[in-house]
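**Q** Here is my input; please provide its structure:
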Amino acid sequence: MAVLAPGIQLSASVQLVPASRYTVAQLTAAYNQTRVDYLVPMPMNAARLAEYIHTYDVDLDASVVAVDASADGQILGLAMLGVRPGRSWITRLGVLPASRRGGIGRALLQALLQTSDARAIPLNVLEVIKNNTPAYNLFIQCGFIARHELLVLRRPPGPPASAPAGRVEWLEGADALALLAGRADTPSWITETESITRAGHVQALTLQLPDGGAGWLVFQEQTFHGLPMLLTRLTLRTLAGAPAEVGRAMLGHLYTRFPDLDTQAENVLEADPHLPAFLDQGFVESFRRIEMHRFYGGC
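**A** Residues are numbered from 1 along each chain as shown. Down below sits the predicted model:
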């Protein structure tokens, strides 16, 4: 099947059009319909999708929607493209259950890749939920290769198991973001510095342990109607000492200050040296994603 640009017919009735033709509310309703039977549905409301588009630099003109022209333009599927210097990100790709296995998902993906290639963007990235075999196989066929396995971790509200050691300093805003310049990891799109910066409400703590161990932890406090609800986008770095010990102390101080908030740590590398600290502080694995890369190429 040839690559299809938005506006080109997929069949006698199915056409791809830019996502920017639709309101965020319409895109949200379509997205939720495509995910009703997914391994991890992750439903959204319009406000959350608008925030998602802003935080992850989603270009709605470059994103695409598949519509059925014979059914009053019913949306059959959609796919979004995040764009940053030197890389693009495939996200929110989904097709209504009744419309699958007809080539719509492949056509949506092809359209995004065509747009990315036309802009001379060398790297395409995406994440697929582990064990979503049909999607994984499609991405392999379209030139993607698996790079990392990423863990999504959750922690329910509650204080740390024991009083944490060390001396901490709390930072906000630009002071917290400045710590990210010293990142040693290669983050996923969701946890890139650009995403954390655009998400806002960023805070941090720096830690100094009595034995010389040191590190910092950057996080976002999400709110709902002005009330704090969730800690997310946790980024840890150990500057001296054992990451498991330093990480455990940093998380201990975090939950001494925020014992009543739920936490989601997204896209933690399986090999992250701080993973034992997460587990020791009560995090559990929700599911896994596979990060995939493509350096040009086609379906």
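
**Q** Nearest residue to the middle of the chain?
**A** By Cα atoms, centre = their mean, the chain has its centre lying nearest to Ile190, at 3.5 Å.

**Q** Secondary structure of that one: a helix, I assume?
**A** Yes - counting by DSSP: H, G, I helix; E, B strand; the rest coil, Ile190 is found in a helix.

**Q** 421 is where my numbering starts, stick with that
**A** Done: numbering now begins at 421, and the last item shifts to Ile610.

**Q** for it, what are its contacts?
**A** By Cβ atoms under 8 Å, 6 or more residues apart in numbering, the residues touching Ile610 are 476, 547, 653, 686-687. Glycine gets a C-beta too; all of them are placed from N, C-alpha and C.

**Q** if we go to 10 Å?
**A** Shown in contact with Ile610 (Cβ atoms under 10 Å, 6 or more residues apart in numbering): 475-476, 502, 509, 511, 547, 570, 572, 616, 619, 652-653, 686-687, 709, 711.

**Q** So which one of the residues you listed is the model least confident about?
**A** Checking pLDDT across those, the minimum falls on Ala619 at 90.

**Q** about what we covered before: spell out which two among the contacts of Ile610 are the most distant pair, please.
**A** Greatest spatial distance among the contacts of Ile610 (Cβ to Cβ): Ala619 and Glu711, at 19.4 Å.

**Q** And for Asn552, nearest residue in space, chain neighbours not counted?
**A** The shortest distance from Asn552 to any non-neighbouring residue, by Cβ to Cβ, 6 or more residues apart in numbering, is to Leu459 (6.0 Å).

**Q** number of nearby residues for that neighbour?
**A** Other residues near Leu459 come to 12 when the count uses other Cβ atoms under 10 Å.

**Q** Hmm, it is touching Pro554, no?
**A** No - with contacts counted by Cβ atoms under 10 Å, Leu459 stays clear of Pro554, the gap being 11.1 Å.

**Q** so where do the strands sit in the stretch 421-570 of the chain?
**A** Ranges of strands in the stretch 421-570 of the chain, per DSSP state E, counting those that start in this stretch, are 434-438, 484-488, 494-504, 507-515, 543-549, 565-575.

**Q** What of the stretch 571-719 of the chain?
**A** 587-592, 622-628, 634-644, 647-660, 682-689, 704-714.

**Q** Of the ones you listed, which is nearest Leu529?
**A** strand 704-714 (10.2 Å).

**Q** For that closest one, C-alpha coordinates in CSV please.
**A** Output in CSV follows, covering the C-alpha atoms of strand 704-714 (Å, rounded to 0.1, in the frame of the first residue of the first chain):
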residue,chain,number,x,y,z
VAL,A,704,4.4,-1.2,41.9
GLU,A,705,4.6,-1.9,38.2
SER,A,706,1.3,-1.0,36.3
PHE,A,707,2.5,-2.0,32.8
ARG,A,708,5.3,-1.7,30.4
ARG,A,709,6.0,0.1,27.1
ILE,A,710,8.5,-0.7,24.4
GLU,A,711,10.2,2.4,23.0
MET,A,712,10.9,2.1,19.3
HIS,A,713,13.0,4.2,16.8
ARG,A,714,13.0,4.6,13.1
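
**Q** How about the contacts made by the closest residue to Asp477 other than its chain neighbours?
**A** Excluding its sequence neighbours, the residue lying closest to Asp477 (Cβ to Cβ, 6+ apart) is Gly502, at 4.9 Å. By Cβ under 10 Å, 6+ apart, the residues touching Gly502 are 472-473, 475-479, 482-483, 508-512, 532, 545-546, 609-610, 612, 614-615.

**Q** Buried only: go through the residues you listed for me.
**A** Buried subset of those (neighbour count, 16 or more other Cβ atoms under 10 Å): 472-473, 475-479, 482-483, 508-512, 532, 545-546, 609-610, 612, 614-615.

**Q** got CSV for the strands of the stretch 571-719 of the chain, with distance to Val434 too?
**A** Putting the strands of the stretch 571-719 of the chain into CSV (distance: least, Cβ to Cβ, whole Å) gives the following:
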stretch, distance to Val434
strand 587-592, 49
strand 622-628, 42
strand 634-644, 37
strand 647-660, 37
strand 682-689, 33
strand 704-714, 25
